[in-house]
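Enquirer: predicted model and sequence below, questions to follow.
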Amino acid sequence: MLQLPHQPLQVAAVPAQRAPAREDQAGPWHSEAVCRRDEAGLFFAPSKEPTAARLSREDAAKRVCARCPVMVECQEHALMQPEPYGVWGGLTAAERRVVLARRRRRDVELKAAAAAKGPIAAAG
């Protein structure tokens, strides 16, 4: 994009969070996140990161998450979006996939249980 001499250069902004504001706070949950003060590289893997380095970095990121007052909100955001990369709410992308699979399996089981009870309850 061509910048005119009298206009300041525009810097690319980080995409806005898509999560709703917290009910008990004036601002969105992420404004209270501890990770806002830490290096973003701690939470997202560089390309071709060796396994040992990744595990160490993820462990350090999880320690930051553990002391965060909005860890639960962050985790739910990452699960609801779903965020495909990085450590969010103390969970890696792989751990979030496991949580999501468990939730889907639980939902299927609950629907099946409700369907099984439905005809019996109607007959009574």
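Expert: Okay, I see it. Numbers count the residues shown, from 1 in each chain.
Enquirer: which strand or helix spans the residue most central in space within the chain?
Expert: The residue lying closest to the centre of the chain (Cα atoms, centre = their mean) is Ala78, at 2.0 Å. Under the criterion of DSSP states H and E, Ala78 resides in helix 71-80.
Enquirer: quick one on the thing from earlier: count of neighbours near the nearest residue to the residue nearest to the centre of the chain once chain neighbours are set aside?
Expert: Excluding the flanking residues, the one nearest Ala78 by Cβ to Cβ, 6 or more residues apart in numbering is Trp88, at 3.3 Å. Heads up, the C-betas are built off the backbone N, CA and C, glycines and all. Burial of Trp88 is recorded as 25 neighbouring residues (other Cβ atoms under 10 Å).
Enquirer: would you mark the buried spots in stretch 60-77?
Expert: Using 16 or more other Cβ atoms under 10 Å as the test for burial, stretch 60-77 gives Ala61, Lys62, Val64, Cys65, Cys68, Val70, Met71, Glu73, Cys74, Gln75, His77.
Enquirer: and the last one, how far is that from Met71?
Expert: What that stands for is His77. Separation of His77 from Met71 (Cβ to Cβ, to the nearest Å) stands at 11 Å.
Enquirer: quick check: neighbours shared by these two?
Expert: The contact sets of His77 and Met71 overlap at Gly89 (Cβ atoms under 8 Å, 6 or more residues apart in numbering).
Enquirer: which secondary structure elements does the longest helix anywhere in the chain sit against?
Expert: Of all segments of type helix in the chain, defined using DSSP state H, the longest is helix 93-123. Packed against helix 93-123 by the contact rule (3 or more Cβ pairs under 8 Å, 6 or more residues apart in numbering; DSSP states H and E) you find helix 71-80.
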